[in-house]
Structure formats: structure tokens, C-alpha cells
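Undergrad: what follows is a predicted protein model with its sequence.
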Amino acid sequence: MGDLVAWLMSFFLLIALLGIIVYQLMCLADLEFDYINPYDSASRINNVVLPEFVVQGIFCCVHLLSRHWFMFLLCLPYLYYNVRLYTRRQHLVDVTEIFNQLHWEKKQRLYKLIYLVILLFLSIFWMIWSIVDEDHD
């Protein structure tokens, strides 16, 4: 039962992360199509960057504490990347440089989105596996 709870927590944390990344991509797309000004776009993105990092850290800790080593190892590169961005103070979007970095910012978030979708499918697979495995015991 504890394994199923860990996978459910993992699932909902991944859904939260996906929502945050999609929100950031929508803000960047709105900026690209000139629906929103650079200040509003940067402030909206910057408001959700730290919650994204915290949720991702919790996600990694859930797998560590529940001893899902494979998923924990898959989470580590993303966690390392976020910690590196934060320690170098490159985690926030600069209002004055947002148009110059728009292509890079969108590309970065699309890579995160693809990575998280792969983790979501793996999480769903292992959640279903743990349900079926509990039924056989």
C-alpha cells in the first residue's frame, strides 16, 4: 500500500510540474505573439520558477525515501540542473533580455516538458505495476 501512495504522490507532483512548465511556455508564447508585454511575462514566469524547483526537489525526495532507485536516478539530472541554475543565479528571466533569449527559454522549457512527460509515463507504468503486484500477493 505504501508503494502505491508513493506512486500517487509522484503522479500528482509530476502533474503539478507539467502544469508549471506549460504555464511558462504559454507566457513565452504570449510574449512572442505580442499579447503580453515583457515585464508581465517575465514576472509571471519568475513567480513560478522557485515553486517549480521546490516541487521537483520534493518529487526527487519522494523517490529517494520510497526507495524507487531507478526513478530517483532519473530525477537527479533535472534536480542538478535546477540547483546549478539557482546557484549561478540564472534561474530568473531578465526583463531586458527576454526578447534576445526567447528562443533559448522556449527550447529549455520544451526539453523540460519532454523529460517530464517521459517521467510521467514511467510513473504511470510503475503505479499500475505496483497495483497489479499487490493483487497477486
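TA: Arrived safely. Numbers count the residues shown, from 1 in each chain.

Undergrad: and what about Met35, helix, strand or coil?
TA: One correction, residue 35 is Tyr, not Met. coil (DSSP: H, G, I helix; E, B strand; the rest coil).

Undergrad: look up how far Trp129 lies from it.
TA: Per CB to CB, to the nearest Å, Tyr35 is found 43 Å from Trp129. C-beta: built from backbone N, CA, C; applies to glycine.

Undergrad: ditto for Tyr81
TA: Taking CB to CB, one finds Tyr81 at 28 Å from Trp129.

Undergrad: neighbour count: the two, which is higher?
TA: Neighbours were counted for Tyr81 and for Trp129 using other CB atoms under 10 Å; Tyr81 has more, 15 against 12.

Undergrad: residues in contact with the more buried one?
TA: Contacts here follow CB atoms under 8 Å, 6 or more residues apart in numbering; on that basis Tyr81 touches nothing.

Undergrad: need the pLDDT of it.
TA: The model reports Tyr81 with a pLDDT of 95.

Undergrad: and what of Asp137?
TA: 61.

Undergrad: max-length helix in this protein?
TA: Of all the elements of type helix in the chain, the one with the most residues (DSSP state H) is helix 102-136.

Undergrad: so what does that helix touch, helix or strand wise?
TA: helix 2-32, helix 69-87 (3 or more CB pairs under 8 Å, 6 or more residues apart in numbering; DSSP states H and E).

Undergrad: helices or strands up against whichever strand or helix holds Val49?
TA: Assigned by DSSP states H and E, Val49 falls within helix 38-65. With contacts taken as 3+ CB pairs under 8 Å, 6+ apart, helix 38-65 sits against helix 2-32, helix 69-87.

Undergrad: export these to JSON lines and tack on distance to Leu116?
TA: What follows is the helices and strands packed on helix 38-65, written out as JSON lines (distance: least, CB to CB, whole Å):
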{"stretch": "helix 2-32", "distance to Leu116": "5"}
{"stretch": "helix 69-87", "distance to Leu116": "8"}
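
Undergrad: roughly how far apart are the spatially most central residue of the chain and Leu50?
TA: Of all residues in the chain, the one closest to the mean position by CA atoms, centre = their mean is Leu17, 3.9 Å from it. Leu17 sits at a distance of 13 Å from Leu50 (criterion: CB to CB).
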